[in-house]
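**Q** Fold the stuff below for me.
(2 chains)
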Amino acid sequence: MTTTLQSSALRKRVATLGKPRKATYIVLAIFVLGSLFPFYWSFLVASRDNAMLGQRIPPFVPGGNFFANAARVFDTVPFWKALANSVIVSGTVTLTTVLFSSLAGFAFAKLRFRGQNGLFVFIVITLAVPTQLGIIPLFIAMSELGWAGHLQAVIVPNLVTAFGVFWMRQYTVDALPYELIEAARVDGCSMIRIFWSVCMPAVRPAAAILAMFTFMMSWNDFLWPLVVLDAGNPTVQVALEKLQSGYYIDYSLVLAGTTLATIPILIVFVLLGRQIVAGIMQGAVKG
Amino acid sequence: MTVIDKIAPEGSKAGERVSPRPTFRHRLSRWDVKVSPYLYIAPFFIVFGIVGLFPLLYTAYVSLFKWKAGDDTPDFIGIDNYKDLFADSQFWNALTNTISIFLLSSVPQMIMAVMLAALLGARLKGATGWRVGILLPYAASLVAIGIIFANLFGPKYGLINGVLQTIGLDPVDWQANRFSSHVAIAIMVNWRWTGYNALIVLAAMQAIPKELHEAALIDGAGMWRRFFSVTLPLLRPTLVFIIITTTIGGLQIFTEPKLFDALPGSNNGGSSNQFQTVTLYLYQSAFENSSLGYASAIAWVLFVIIVVIALANYFLTSRLTRTPAVKKK
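**A** Sure thing, here's the model as predicted:
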C-alpha cells in the first residue's frame, strides 16, 4: 500500500462524497418554505377579513375569523354536498381503478393469451393519448343519456386508467412467483380465486400506492366535472370555482373554501408522505 | 418455462393425463384458463373504448358540422370549421400563449428539478422529511393553486406587488401585461410540479452506480465536472421522459389560466385574451358559445399538435437512449 499524502487526501474526499454541506440545508429549507407558503397564505387570508389585503405588507399571524369565514363558505355554495360528492366519486373511482388495474395487471404479468404483447403495447401507447380532448362527444353522449349533472357522469369515464394497468403489471411481474400460482392450480383453485387469494396479497403495496394517487387525482380533477356537473350538485373543485365566480371576489371567503378543500389531501400527505414519495420514485424507476 | 406452460391454455395436458376423457370439471377449468385473461383485461378496453377512443374519433366527425349544443339536426359543412379556425386570430393567439406558457414553465422547471434532486441526493439528515416537504405543492388542487396565486399576483392588492413596492421596485400588472401574465401562470405550474419532477430525477440519480462518481473523483474531476460529465448524461432518458409527460400535460393547460382571470368565471383568458390557452378557448367555444362543431375542430387540431410533438420526443428518446450511457473518453 502506497499511502502518499495525495492518495490519503483523495480517499478522504471519496469518503465525503455525497456529504451535505450547510448550504444544501439552507437551499432546501428555502424550497420547503416556498412550498408551504401558499398554503399558509391561504389560511392566513381565510382567518382574517378583507381589510388585511389592503395593506401592502400584511401581518403574518392568523386572525380569529377562520371559522366564521368557513361557515360562510357553507352558506354560499352547497359545500357539504360537494364534499360528499367528492368522497363518493373519488372513493368509487379509487376502488374500481385498483380492482380493474390489478386484474388486468395480473393477466398481463402472469397469464398467457393470444395478443398479449400487442394489447399491452397498445395500453402503453394510450398513456400518451390526451383523452381529455374528447370531452365534446362525451358531453353530447352524457346529455343524451340524461347523465349530465349526475355523479355517474364523472365516475364512469374514470373507472380504470391505462396508468393503473401499467403500474400493476410492472409490479406483479416481480412480486408474484409462478410457483405460488402453480401450487394454487394444483389445489384446484379457479383463476379468479388465484387472483383474489394469491395475487392480491402479494401486490398489496403497489395497490395501496395506486389507490393513493388515484384518490388524489380524482379529488383534484376539474375540467370534466366542470363541464358535466352543475352548480347545484358539484364536486369540491367545481364548488370552489363557483365560489370564486361572483362579480366581486371576497378573498377571505374564497380562500377559506380553498383551505377547507385542501385540508383532506394535506392530511393524507402528513400521514402517508413516506409512501407517496416512495411511489413517485418507484414509478420513475419502473416506468 | 414449464411452470408457465402449466397455467397457459396448452398446460391443461396435466389434467388430461389423469383421465383420458375430459370431464365437465376439466373442461370448465380449461375454459377458465383460456377466457379469464380476456375477462380481466376487458374492463380497461371497454372503458377506454367508450370514453376515450370513441369520443376522440367522434370529435373529428363532430368537427365537420355546424353543431350547436342541443341541435338535433346539425348541418354538415365539411372542413369549413377548419378553414375558419386557421383564419381565426384568436386561435393563433391562444396557441402562441399556450406555447409561451409551456416554455416558461418547462425549461426553468427542469433546471430546478435537477438542481433540487442533486441537493436531495446528498446524505441528508431526515431525508424523507425533506422529500415530503418539497412535494407538498402536489397536494394542492389546480383550482386551489389558481385561486391562491391569482390573489398573490393581484395587480392592486396582491402580496407580490406589495413586496416589490416595499423594496422600491415598480409594481407589475400581472393580469393586463401579456408576458407578465404568462410568467405568473408559469410560476403556478412550476410551483406545483418542480418537487414532483425532482423526486423522479432523484430516483434516476440514485440508480447511478456510486463507483462512477468515485472513479471520476479519483481522476480529478471536480463537483461541477462530475455533474456535467457523469450525472447529466446518465439522466438523459429520465429527463426526456419528463419532457414528454410535461409536454402532453402542458399543452392542455386549462385550470390555471381560467382561475387566474380577474373577471371571475370568465373564459376569455384576460380582457384581450392575453393569457387564453387553446384548451380554454376550446372550453369557451363549446360551453359558452355552444359551438360544439367549431370546438371539436380546435380539439382535433390540438390533438394533432400534441401527437406530433410527443412523437418527435419519442424518436428523440429512442435515439438518446441508444447512445452509450457514458460517453467515450
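**Q** hey, let's count contacts and neighbours off CA atoms from now on
**A** OK.
**Q** And the strands in chain B, which stretches?
**A** Here chain B has its strands, by DSSP state E, at B:65-66, B:75-76.
**Q** Between those, which has the poorest mean confidence score?
**A** Mean pLDDT across those is lowest at strand B:75-76; the value there is a mean of 88.
**Q** What are the contacting residues of that strand?
**A** By Cα atoms under 8 Å, 6 or more residues apart in numbering or on different chains, the residues outside strand B:75-76 that reach it are B:64, B:65, B:66, B:67.
**Q** Make a markdown table out of those residues and add distance to residue B:238.
**A** Below are the contacts of strand B:75-76 laid out as a markdown table (distance: Cα to Cα, whole Å):
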| residue | distance to residue B:238 |
| --- | --- |
| B:64 | 40 |
| B:65 | 42 |
| B:66 | 44 |
| B:67 | 43 |
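**Q** Of the residues you listed, which pair is most distant in space?
**A** Greatest spatial distance among the contacts of strand B:75-76 (Cα to Cα): B:64 and B:67, at 8.6 Å.
**Q** shared neighbours of the two, which are they?
**A** residue B:293.
**Q** quick one on the thing from earlier: include neighbour count and distance to residue A:257 when you put the contacts of strand B:75-76 into TSV, please.
**A** Listed next are these as TSV, based on neighbours: other Cα atoms under 10 Å in any protein chain shown; distance: Cα to Cα, whole Å:
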residue	neighbour count	distance to residue A:257
B:64	21	42
B:65	23	41
B:66	20	40
B:67	23	37
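**Q** from those residues, which is closest to residue A:218?
**A** residue B:67 (30.5 Å).
**Q** what sits against that closest one?
**A** B:74, B:75, B:291, B:292, B:293, B:294.
**Q** Go through those and flag which are in helices.
**A** Among the contacts of residue B:67, DSSP state H puts B:292, B:293, B:294 in helices.
**Q** any chance of the residues you listed in a markdown table, with neighbour count too?
**A** Output for the ones in helices among the contacts of residue B:67, formatted as a markdown table (neighbours: other Cα atoms under 10 Å in any protein chain shown):
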| residue | neighbour count |
| --- | --- |
| B:292 | 29 |
| B:293 | 30 |
| B:294 | 26 |
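**Q** now, which of the residues you listed lie close to chain A?
**A** Restricting the ones in helices among the contacts of residue B:67 to those touching chain A (Cα under 8 Å from any Cα of the partner chain) yields residue B:292.
**Q** what bits of the stretch 101-250 of chain A have low per-residue confidence?
**A** The model of the stretch 101-250 of chain A has pLDDT under 70 over residues A:246-247.
**Q** now with 90?
**A** A:124-133, A:144, A:174-175, A:185-190, A:205, A:209, A:212-213, A:216, A:230-232, A:242-250 (pLDDT under 90).
**Q** Ok, the stretch 1-150 of chain B next?
**A** Applying pLDDT under 90 to the stretch 1-150 of chain B flags residues B:1-35, B:51-52, B:67-75, B:78, B:106-107, B:121-127, B:139.
**Q** same thing but 80
**A** B:1-22, B:25, B:70-72 (pLDDT under 80).
**Q** ok, residue B:152 touching residue B:162?
**A** No. Checked against Cα atoms under 8 Å, the pair residue B:152 and residue B:162 is beyond contact range at 9.4 Å.
**Q** Ramachandran coordinates for residue A:236?
**A** The phi and psi values for residue A:236, taken as degrees, to the nearest 10, are phi -60, psi -40.
**Q** if I look at it, how far off is residue A:83?
**A** 6 Å (Cα to Cα, to the nearest Å).
**Q** What of residue B:248?
**A** If you measure residue B:248 against residue A:83 using Cα to Cα, the figure is 30 Å.
**Q** burial measure for residue B:211, as a count.
**A** Neighbours of residue B:211 under the rule other Cα atoms under 10 Å in any protein chain shown: 10.
**Q** Likewise for residue A:222?
**A** Here the number of neighbours of residue A:222 (other Cα under 10 Å) works out to 20.
**Q** Next, the residue lying closest to it once chain neighbours are set aside: secondary structure please.
**A** Using Cα to Cα, 6 or more residues apart in numbering or on different chains and skipping residues adjacent in sequence, the residue nearest residue A:222 is residue A:237, 6.0 Å away. Three-state call for residue A:237 (DSSP: H, G, I helix; E, B strand; the rest coil): helix.
**Q** Next up, the contacts around residue A:237.
**A** A:219, A:220, A:221, A:222, A:261, B:141, B:143, B:144.
**Q** can you rerun that using 7 Å?
**A** Residues in contact with residue A:237 (Cα atoms under 7 Å, 6 or more residues apart in numbering or on different chains) are A:220, A:222, B:143.
**Q** which bits of the stretch 201-329 of chain B sit near chain A?
**A** Residues of the stretch 201-329 of chain B lying near chain A by Cα under 7 Å from any Cα of the partner chain: B:203, B:204, B:214, B:218, B:248, B:264, B:265, B:292, B:296, B:299, B:303.
**Q** Near chain B, which residues of the stretch 101-250 of chain A are found?
**A** Near chain B, when you scan the stretch 101-250 of chain A using Cα under 7 Å from any Cα, you find A:103-104, A:107, A:111-113, A:130-131, A:133-134, A:136-138, A:157, A:160-161, A:178, A:182, A:191, A:220, A:237, A:241, A:244-247.
**Q** all helices for the stretch 151-287 of chain A, in order.
**A** Ranges of helices in the stretch 151-287 of chain A, per DSSP state H, counting those that start in this stretch, are A:152-155, A:162-175, A:178-186, A:191-194, A:200-202, A:204-220, A:223-228, A:236-244, A:251-286.
**Q** With that, I have no additional questions.
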